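>>> I would like the atomic coordinates for the input below:
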Amino acid sequence: MVTDAGIGTGAGTGTGAADSAIDAPGRDDNVLTLYQELRRRGVSGFGEAYADLRLAPEEYERCRDALVSLGLIVPTGAAHATVTAVQDGSWRSDTDVVAAVDPEIALLRLLERERERLREHLAEADRAYSTLETLAGTFLRADALTRAEAEVEALTDYRRIQQAIEDITDVMQESSASLHPGTPGRQNPERMLDRDRRQIGNGVRVRAIYGRQEAALPEMAEFLGRRAELGVEIRLAPSVPLNLIIADRQFALVPIRPEDPGEGAILARGSALVRPYLSLYEHCWHTATPYGDDAAPERGGDGLSEQQRAALHMLASGMKDEKIARTLGVSLRTVSRMISELMQELGASSRFEAGARAVRLGWLD
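Numbering: from 1, shown residues only. Down below sits the predicted model:
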């Protein structure tokens, strides 16, 4: 609760003349004494109250300005002035009669005035932001997107390639997918692990596919184990076609010549260019085996019934459930149950993955 005794300190939160009027040690005593006297009188001549208190003549204007600025007194006469009209200088009284205002009311008015000032600043900032956004959308963003759909950069310096990877890592927000046909080679394993930590820490899904033969090497097996511990999803394939890094469906880093990775890389920007590489990656991902899943390669299809084997053949060819049901002469519900069982047996999360795994494991030979 605000009290009269709090004016000497709390009132210092005001602005303008109020700050300069009561910021010197001891000078606010006269302001407080005068306000208490005017509060006791309710409505009275300012000069009369000032004279009765026998305050120094040179303090008159300072005390009056301080109390008006803080909203603790309102000049009045035949017509009563509003606090706002007094503070912005749009109203003048022909007498020195003033009315004292309760300090709590004055404080609430002061806070509201500051809120209004803040609202005006925010509205002005919002208008400026809207204008800039419109300009960016008209002149910058459209041009940037157009270029991004077909922008290709050839990188022949190893250091530039590593910098490009770092830059992509810093802006990545959703997903990272990579193909690795061999061992890390020139890349620093610790640097790769550091990227993994940063990406996963930022909520990025990180996937990687390695060749099964390379993954069997002791040093490589240790490295893949460390990546897996960090949360990287790793799969192994009989063969990996090329080095590839895809980020957020917007960036793809591929070798200039897959048969000679040392020649350099191409950095493709934009979804139109990245989309074909992503399709290739998803195919490789679904036909690869999860890292550490040693049981999958030894599964056989000997236990399949002729009906299940036929359904699996049709599933692998991309046939829809309705057509499979008509071909086998069974209900759609039976086909759905059969495919669900096959997916579970194969450890697949989708129809496409189930068909691809069945082919890879030789179930359809």
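
>>> Let me know the secondary structure of the most centrally placed residue in the chain.
Against the mean C-alpha coordinate of the chain, by CA atoms, centre = their mean, the closest residue is Gln173 at 8.4 Å. The three-state label given to Gln173 by DSSP: H, G, I helix; E, B strand; the rest coil is coil.

>>> ditto for the one 3 residues further on
With three-state DSSP as the basis, Ser176 sits in strand.

>>> Hmm, Leu230 is touching Arg198, no?
No - in terms of CB atoms under 8 Å, Leu230 does not count as a neighbour of Arg198; the distance is 10.3 Å. For glycine as for every other residue, the C-beta is placed from the backbone atoms N, C-alpha and C.

>>> who's in contact with the residue nearest to the centre of the chain?
Asn202, Gly203, Val204, Asp248 (CB atoms under 8 Å, 6 or more residues apart in numbering).

>>> Quickly note the distance from Asp157 to Leu328.
Using CB to CB, to the nearest Å, we find Asp157 at a distance of 59 Å from Leu328.

>>> May I ask you to name the longest helix in this structure?
Across the chain, the helix with the greatest residue count (assigned by DSSP state H) is helix 103-135.

>>> which residues of this structure fall in strands?
Taking DSSP state E, the strands of the chain run over residues 43-45, 73-75, 97-100, 151-155, 175-180, 205-211, 233-237, 244-247, 251-255, 265-269, 289-290.

>>> Put together JSON lines for the ones you listed, with mean neighbour count on each row.
What follows is the strands of the chain, written out as JSON lines (neighbours: other CB atoms under 10 Å):
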{"stretch": "strand 43-45", "mean neighbour count": "15"}
{"stretch": "strand 73-75", "mean neighbour count": "23"}
{"stretch": "strand 97-100", "mean neighbour count": "20"}
{"stretch": "strand 151-155", "mean neighbour count": "13"}
{"stretch": "strand 175-180", "mean neighbour count": "21"}
{"stretch": "strand 205-211", "mean neighbour count": "20"}
{"stretch": "strand 233-237", "mean neighbour count": "19"}
{"stretch": "strand 244-247", "mean neighbour count": "23"}
{"stretch": "strand 251-255", "mean neighbour count": "22"}
{"stretch": "strand 265-269", "mean neighbour count": "20"}
{"stretch": "strand 289-290", "mean neighbour count": "17"}
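
>>> Work out the gap between stretch 315-325 and the centre of the chain.
Centre-to-centre, stretch 315-325 and its host chain are 42 Å apart (CA atoms, centre = their mean, to the nearest Å).

>>> what's in contact with it?
Residues contacting stretch 315-325 (CB under 8 Å, 6+ apart): 311, 314, 327, 331-332, 334-336, 339, 342, 351, 354-356, 358-359, 364.

>>> quick one: low-confidence ranges for the stretch 51-200 of the chain?
77-94, 133-150, 183-187 (pLDDT under 70).

>>> swap the cut-off to 50 and go again
Low-confidence segments of the stretch 51-200 of the chain (pLDDT under 50): 140-148.

>>> Against Ala100, how distant is the residue nearest to Leu67 when sequence neighbours are not counted?
Ranked by CB to CB, 6 or more residues apart in numbering and with sequence neighbours excluded, the top spatial neighbour of Leu67 is Ile73, at 4.5 Å. Distance of Ile73 to Ala100, computed by CB to CB: 6 Å.

>>> before we move on, back to that, could you export the strands of the chain as JSON lines, including distance to Arg64?
As requested, the strands of the chain are exported to JSON lines (distance: least, CB to CB, whole Å):
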{"stretch": "strand 43-45", "distance to Arg64": "12"}
{"stretch": "strand 73-75", "distance to Arg64": "8"}
{"stretch": "strand 97-100", "distance to Arg64": "8"}
{"stretch": "strand 151-155", "distance to Arg64": "69"}
{"stretch": "strand 175-180", "distance to Arg64": "68"}
{"stretch": "strand 205-211", "distance to Arg64": "69"}
{"stretch": "strand 233-237", "distance to Arg64": "75"}
{"stretch": "strand 244-247", "distance to Arg64": "68"}
{"stretch": "strand 251-255", "distance to Arg64": "68"}
{"stretch": "strand 265-269", "distance to Arg64": "68"}
{"stretch": "strand 289-290", "distance to Arg64": "83"}
